[in-house]
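In: okay, predicted coordinates and the sequence, questions at the end:
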Amino acid sequence: MALVTSHPAPSTPDSVRLALPSEAEAIAAVQRRSWRDVFPPDVADSILRSVDLATMAQSWEAAILKPPLAELRVLVATSQGRVVGFAAIGPSDDPDAEPGKDALVAEFVIDPQAQRQGHGSRLLNAVADTLKADGFTRATWWVRSTDDPLRRFITESGWDADGAHQEVATPDEAARVKMIRLHTSLS
């Protein structure tokens, strides 16, 4: 009689790659969970009331399938085969941006349940590598002025404030958020 041993199925390694259209709903769900974690309750409630999960998923699917510019990309961080974070990157649309040189990290989110596990560092490295490959030499990132953990993470990775700031509001003007811009060289 032969001895049969069972081996656990190999686990999928944590990674970062371009997003797939089928992951649009997972991206939207991670984004919605993060809003509850990073915004004051009244701001989070206002934003969450303004758009539902299905509409957000449709927007992410369109961004993945048919971006308006070739350099607009959606990257996902995955763990055990599921989306645990994402970044949306591309050319900067800031009025003072140098076309073809300045890129923007438009969104960067790690699921609150998956933070402090290395996903943010992997995703940030992939963002820089992707932007460099697309020919950008500088990246900018608008960060909430009160998001000290994210700002600390970014500055410890070599980013610094460049003096620009702005205030953004929800569509219904119920909540306003102050933002500061950080930048880094990609050379």
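Out: Sure thing, it's come through. Numbers count the residues shown, from 1 in each chain.

In: next, the closest residue to Gln58 other than its chain neighbours: secondary structure please.
Out: Of all residues not flanking Gln58 in the chain, Ala24 sits nearest, at 7.4 Å (C-beta to C-beta, 6 or more residues apart in numbering). Glycine gets a C-beta too; all of them are placed from N, C-alpha and C. With DSSP: H, G, I helix; E, B strand; the rest coil as the basis, the three-state label of Ala24 is helix.

In: list the contacts of Ala24.
Out: Applying C-beta atoms under 8 Å, 6 or more residues apart in numbering to Ala24 gives the contacts 57-58, 60-61, 64.

In: now a ChimeraX select for only the buried ones of these.
Out: Entered in ChimeraX, the line below selects the buried ones among these, by 16 or more other C-beta atoms under 10 Å:
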select :57,60,61,64
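
In: just checking, which of the contacts of Ala24 belong to helices?
Out: Counting by DSSP state H, the part of these found in helices is 57-58, 60-61, 64.

In: ok, those vs Arg151, which is closest?
Out: Relative to Arg151, the closest of the ones in helices among the contacts of Ala24 is Trp60; by C-beta to C-beta it sits at 25.2 Å.

In: my guess is the closest one contacts Ala29. True?
Out: No - between Trp60 and Ala29 there is no contact under C-beta atoms under 8 Å: 10.1 Å.

In: what pLDDT does the residue nearest the centre of the chain get?
Out: Most central in the chain under C-alpha atoms, centre = their mean is Phe108, positioned 1.9 Å from the mean C-alpha point. According to the prediction, Phe108 has pLDDT 95.

In: go on, the one 3 residues further on?
Out: Asp111 carries a pLDDT value of 91.

In: so how many other residues sit close to it?
Out: 22 (other C-beta atoms under 10 Å).

In: my guess is it meets Arg36, correct?
Out: No - in this structure Asp111 lies outside contact range of Arg36 using C-beta under 8 Å: 11.2 Å.

In: so what's the residue nearest to the centre of the chain up against?
Out: 85-88, 123-124, 127, 141, 150.

In: beta-bridge partners for it, please?
Out: On the basis of DSSP bridges, Phe108 is bridged to Ala87.
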